[in-house]
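**Q** Here is my input; please provide its structure:
(chains A and B)
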2 protein chains.
Amino acid sequence: MTMTTTTTTAATPVAPSRGALRPLGLGDVEITGGFWAQRQAVNHTATLTHIEYWLEREGWIGNFDAAAAGTLGSRTGREFSDSEVYKLLEAMAWEIGRTDDGDLDARFTSLVARVAAAQEPDGYLNTAFGRPGQAARYTDLEWGHELYCYGHLFQAAVARLRTRPTEDDGLVAVARRAADHVVATFGPDGRVAVCGHAEIEPALVELGRATGDARYVEQAALFVERRGTGTLGDIEFGRAYYQDDVPVRQATVLRGHAVRANYLAAGAADVAVETDDADLLAALTTQWENTVARRTYITGGQGSHHMDESFGDDFVLPPDRAYSETCAGVGSIMFSWRLLLAQGLPRYADLIERTLFNVVATSPSHDGTSFYYTNTLHQRRPGTVPATDVAVPRASSSLRAPWFAVSCCPPNVARTLASLAAYVATTDDGGLQIHQYAPSRIRTALPDGRPVGVDVETGYPHDGAIRVTVVESPDEPWTLSLRVPAWADGATVRTPDGVLPAAVGTVSVGRRFAAGDVVELTLPVGPRLSVADPRIDAVRGCAAVEQGPLVLCVESVDLVESDVAADVADLRLDPTGPLRFVDGRVVATVGLERSAVDAWPYAADERTAAGRTAEVPLVEYHDWANRGPSTMRVWIPLV
Amino acid sequence: MTMTTTTTTAATPVAPSRGALRPLGLGDVEITGGFWAQRQAVNHTATLTHIEYWLEREGWIGNFDAAAAGTLGSRTGREFSDSEVYKLLEAMAWEIGRTDDGDLDARFTSLVARVAAAQEPDGYLNTAFGRPGQAARYTDLEWGHELYCYGHLFQAAVARLRTRPTEDDGLVAVARRAADHVVATFGPDGRVAVCGHAEIEPALVELGRATGDARYVEQAALFVERRGTGTLGDIEFGRAYYQDDVPVRQATVLRGHAVRANYLAAGAADVAVETDDADLLAALTTQWENTVARRTYITGGQGSHHMDESFGDDFVLPPDRAYSETCAGVGSIMFSWRLLLAQGLPRYADLIERTLFNVVATSPSHDGTSFYYTNTLHQRRPGTVPATDVAVPRASSSLRAPWFAVSCCPPNVARTLASLAAYVATTDDGGLQIHQYAPSRIRTALPDGRPVGVDVETGYPHDGAIRVTVVESPDEPWTLSLRVPAWADGATVRTPDGVLPAAVGTVSVGRRFAAGDVVELTLPVGPRLSVADPRIDAVRGCAAVEQGPLVLCVESVDLVESDVAADVADLRLDPTGPLRFVDGRVVATVGLERSAVDAWPYAADERTAAGRTAEVPLVEYHDWANRGPSTMRVWIPLV
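**A** Numbers count the residues shown, from 1 in each chain, chains lettered A, B, ... in the order given. I've put the predicted structure just below:
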């Protein structure tokens, strides 16, 4: 097993040593306005502070202090709560890199010191195991999450190393000591085991990439190869829960716990790239394809089971109680991004975009201090407002909640938003590729060192015009490639040479650019109806309305305000009615049909009473439930 | 609070002191042939022995021996495993009453002795609590199930008392000591608490009815009134899980854990009847109505969530992963039967029939030694054959399994089948009512003491002719009432006076009967299509085929045998095609449509490729998965 060791200087979460595309970092790309800049600002001003407050309040940071002091008695939080602290550190590190916020840097450094103090001399670091009264180290790999926690520690260290490479706050040293301990314990001559929750796999590869230490990549490869060989116990959910049922390279679809599955696939993709393992990469590609075709909600959300937070069988995608965990969305982006870098295919960026707009953006409230853990596509009962002063169970609230007993999602959203600029664009030998559209400023260099700079202006996703202005260009020709999403039939591109159709996929404009040149892509972002593959039985006879990358929904608040109905239960969408814009919102024509049944609900006839038709405004799915308790549905039965 | 104390002599699980109808016992009614007699025979010859074997093998009976010997160290089984032993005792008691099997009686007596030996001097009896190394008594009412276990003990004692009233094997004494202990501990002056799993409520009422001890009924009433006042902890599933969210008399629908909900409702109905509490009975009636209209599968199955085995919101009834726990079916029958006795309305017997044929009959295999715990309505993947030598998780198998880590369902089915004759008929002052149709022999007395006897001959449910021959009759007129199921539009009844239409509900024939008189009800049991209330979104655009009280389904085995298709996924039912009988099986016309999509599954068009049409034989739902792994669906999309 060999790797090309490169110590990248790009401030990006993922920096493969080979692949079709090269990532850019936070130093290269800045999101300057619009949908995502607004969310990044809220993340900066509110969410990071909010998370830090709750971690402190719940005692999850305090666990480190007590461990360091040798006074860790009754520990608080779940066995994996250390990881939330690490995810906050990662989010802070990217945010410091993005904004150069000195206050935040001070908080970061202080938090690192508290974590570092708890590390044991041999590198072991976990507040839930190994002390008097606690289970011994690594005695519960199924559920203990020790290696999972290291994974998030390593990703935090990578974020710091890539944004503040010369800073000596100690986090990178802590991570390397822990990683060395992992290699010593679980390495080629060590215990043949894996963690019940994948995460250390991508993190070890990245730590290897960032530090140039090949042992970490080799350790990740070992973990990937061991997975699926039954080293973990056969639990009630089955070994598929933690992907220990089938070796990674033999699997054909993601299965089991949706976050675990995506984190593992991301790590396996990293290993495949670093070890130049085409077979493994092909297996992962097949898994991605089948998962997208058969196990993904229209929002990009993944995982339909509440009980084990897992994927269901193919086409089991009920909007009722869609689990669609926010973290599974983050994991899906991680996996897709790695395949995008490896293969350069726009379909990966399509799924990333869909998941960003409809899962990641859905989780936080406008003010950034409450979150969805799960993202249902159909809310049948107006919920109750969750308490703001206690952690709630992960999936019990119909409204966003400030904190959860298992609170993985808030810091996962935070680290994603803080590092979002890294997913906007890439380069290859021929030029620059833009994958995600937001007002942005890109100043980088092509791989041969020639500087290139463009500015992106757009009102996307509400406006389909994406204007790319070249502000710096080498004298030689290079190619600007723009993604044309799969839904964007009829897109056009205007170059200095004229207007051309832009087929779905990628439109590439190669020329000798000069500063001031403009390339403008126009995507048809008007509302459209979508129906599902009929094998997705749960939404038969329904349609969803989409608008560019946004999934829309109907919410009871608007029905009441329009005096149409009290609830979303009895609406039928009229597909012949126009989808119009009224006051900037998409309005649909619906028929109102009330069921006349109030008894045994199965009979020869449908027994509904048709009522009047009406027009109702739709809501962007990510924006639902921001006006108090409501009912909501994405899939609307057709007239 | 007063009650009319009656010590019934009928060998029946439920003997209210008042109500519209009076139950008959196993001494009055014998099922002599047909569908249910065959299942009762298998229950007798195979299932009871099978259950006893597994209880012994798993050590759940041995727990009592060890408790008695003071050697209970590492106990086996879940905290409620004692209850499975009690349910076996109950099933055995009914079966001894039904068949007078001396060998079975000896096994029963021996098992009672082992249980009795473990009872503590103050009446406490539970192998999971109170000993060194165990949690103290009643320290975990949320999950400990101590009172729940007593409930099953009491029901076993009632079964014994009513089938062998003079036998002194000790079970009744054990139960009374335990009940006295419960009254002393949780009575009017005792601890204000309830059990996390309802069951003691109906059991205490019945023990009170059977023994004439009013304190037990009063204790049940206390437990019912305390429920919903938040004496139990607020767990992750919420207090609705164990119905501790809303007082019973304020609730409008069953909710939370479906078995708990039904057991509680049954007990509350018992309390309402014994205390003549019309308000409470009205509340329970509303709960039944709303649950049947909004939260019940076409099979009669209840409970759609896997995670907490609970009811979902109204109309959340996905066939995929329908949980529909077998025990919830048993509980639903318990609840409906009590309302039937109280109110006499045929709708309750309709639901009982549906649940018997499509839930209770579905659980056991033909040979009576493997069982479904959950009863899905849509199996998308052929499962694997479960191991026969280990207990499997409750819901993981797509085929029936011999035993479960939580094995409540097998003995629940066994006790239901053994006591089934008690649900066939009732009397009131005016005559005899037959609720369930099976070849049977009814010899009883009207409440005034006049003997009456009828024989029922029928090939029901496959043949709609139900021939009731009077074999003994008083000289005075009386009324024979026969249920006409809600699906039986066009039924007729032939009496000595001629043929008349029999409207849905109840057809009553009042006359001076003489021995030899025949009343013949003819029900239209031919196959029919049913569609669902459109608010049950998950089956929109689908139909189910029913045949009399039987739900049918399509199973892949038949598709392969007919060379139609490999799987049930791509069938569309043609509602214009005839439902024909071929070789005694219902055959439906289907169109074959294969999805042409193997990519992102949401688009403007359905993208299916229509294929040929074919005829496929359907399977009675209770009979599916008896020919090896298969795929199956009850709800078939319409062409």
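
**Q** make it CA atoms for all contacts and neighbour counts henceforth
**A** Will do.

**Q** where along the stretch 301-450 of chain A do the strands fall?
**A** For the stretch 301-450 of chain A, applying DSSP state E, counting those that start in this stretch gives strands covering A:378-379, A:425-428, A:431-434, A:440-445.

**Q** cool, the stretch 501-639 of chain A as well?
**A** According to DSSP E, counting those that start in this stretch, the strands that the stretch 501-639 of chain A contains are A:505-511, A:518-522, A:527-532, A:542-547, A:550-555, A:571-573, A:580-582, A:585-595, A:602-603, A:608-617, A:619-620, A:632-633, A:636-637.

**Q** And those: which comes nearest B:A391?
**A** Using CA to CA as the measure, strand A:602-603 is the one of these that comes nearest B:A391, at 36.0 Å.

**Q** Just checking: what are the partner strands of that closest one?
**A** Sheet pairing for strand A:602-603, assigned by DSSP bridges, gives strand B:527-532 (antiparallel).

**Q** Tell me if stretch A:329-340 is near chain B.
**A** No - Stretch A:329-340 is not in contact with chain B by CA under 8 Å from any CA of the partner chain; minimum separation 14.2 Å.

**Q** hmm, who's touching that stretch?
**A** A:14, A:20-21, A:259, A:262-263, A:265-267, A:269-270, A:285, A:288, A:300-302, A:346, A:348-349, A:351-352, A:355-356, A:359-360, A:412-413, A:416, A:423 (CA atoms under 8 Å, 6 or more residues apart in numbering or on different chains).

**Q** so where's chain A uncertain?
**A** A:1-8, A:394-397, A:607 (pLDDT under 70).

**Q** Identify the residue nearest A:A361 in space, chain neighbours excluded?
**A** Nearest non-adjacent residue to A:A361, counting by CA to CA, 6 or more residues apart in numbering or on different chains: A:H622, 5.7 Å away.

**Q** Pretty sure the one you found sits against A:T362.
**A** Yes - taking CA atoms under 8 Å as the definition, A:H622 is a contact partner of A:T362 at 3.8 Å.

**Q** got the buried residues for stretch A:433-445?
**A** By neighbour count on 16 or more other CA atoms under 10 Å in any protein chain shown, the buried set for stretch A:433-445 is A:433-445.

**Q** CSV for the strands of the stretch 301-450 of chain A, including distance to chain B?
**A** Listed next are those as CSV, based on distance: least, CA to the nearest CA, whole Å:
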stretch, distance to chain B
strand A:378-379, 10
strand A:425-428, 23
strand A:431-434, 22
strand A:440-445, 29
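
**Q** ok so, going back, of all the strands of the stretch 501-639 of chain A, which one is nearest B:A113?
**A** So among the strands of the stretch 501-639 of chain A, strand A:602-603 is nearest, using CA to CA, at 48.9 Å.

**Q** Tell me the gap between the closest one and the middle of its chain.
**A** 42 Å (CA atoms, centre = their mean, to the nearest Å).

**Q** measure stretch A:500-515 end to end?
**A** Counting by CA to CA, to the nearest Å, you get 21 Å between the two ends of stretch A:500-515.

**Q** SS state for A:L104?
**A** When classified by DSSP: H, G, I helix; E, B strand; the rest coil, A:L104 comes out as helix.

**Q** if I look at it, how far off is A:G97?
**A** Going from A:L104 to A:G97 by CA to CA gives 10 Å.

**Q** Of these two, give the one with the bigger neighbour count.
**A** For A:L104 versus A:G97, the count of surrounding residues by other CA atoms under 10 Å in any protein chain shown is larger for A:G97: 22 against 18.

**Q** residue contacts, that one?
**A** A:A11, A:L26, A:G27, A:T163, A:R164 are the contacts of A:G97 under CA under 8 Å, 6+ apart.

**Q** Now with 6 Å, please.
**A** Shown in contact with A:G97 (CA atoms under 6 Å, 6 or more residues apart in numbering or on different chains): A:T163.

**Q** secondary structure element for it?
**A** Assigned by DSSP states H and E, A:G97 belongs to helix A:81-99.

**Q** what distance separates that helix from the middle of the whole chain?
**A** Mean C-alpha position of helix A:81-99 versus that of the full chain (CA atoms, centre = their mean) differs by 15 Å.

**Q** in that helix, what counts as buried?
**A** A:81-98.

**Q** cool, stretch A:332-350 as well?
**A** For stretch A:332-350, the neighbour count (16+ other CA under 10 Å) marks A:332-342, A:344-350 as buried.

**Q** hmm, who's touching stretch A:494-512?
**A** A:346, A:476-486, A:491-493, A:519-520.

**Q** Go through those residues and flag which are in strands.
**A** Among those, the members falling in strands (DSSP state E) are A:W478, A:T479, A:L480, A:S481, A:L482, A:R483, A:V484, A:T492, A:V493, A:V519, A:E520.

**Q** Make JSON lines from the strands of the stretch 501-639 of chain A and add distance to A:F223 and mean neighbour count to it.
**A** Output for the strands of the stretch 501-639 of chain A, formatted as JSON lines (distance: least, CA to CA, whole Å; neighbours: other CA atoms under 10 Å in any protein chain shown):
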{"stretch": "strand A:505-511", "distance to A:F223": "35", "mean neighbour count": "18"}
{"stretch": "strand A:518-522", "distance to A:F223": "43", "mean neighbour count": "22"}
{"stretch": "strand A:527-532", "distance to A:F223": "37", "mean neighbour count": "21"}
{"stretch": "strand A:542-547", "distance to A:F223": "40", "mean neighbour count": "23"}
{"stretch": "strand A:550-555", "distance to A:F223": "37", "mean neighbour count": "26"}
{"stretch": "strand A:571-573", "distance to A:F223": "49", "mean neighbour count": "24"}
{"stretch": "strand A:580-582", "distance to A:F223": "52", "mean neighbour count": "14"}
{"stretch": "strand A:585-595", "distance to A:F223": "48", "mean neighbour count": "20"}
{"stretch": "strand A:602-603", "distance to A:F223": "51", "mean neighbour count": "21"}
{"stretch": "strand A:608-617", "distance to A:F223": "50", "mean neighbour count": "17"}
{"stretch": "strand A:619-620", "distance to A:F223": "41", "mean neighbour count": "22"}
{"stretch": "strand A:632-633", "distance to A:F223": "41", "mean neighbour count": "25"}
{"stretch": "strand A:636-637", "distance to A:F223": "44", "mean neighbour count": "26"}
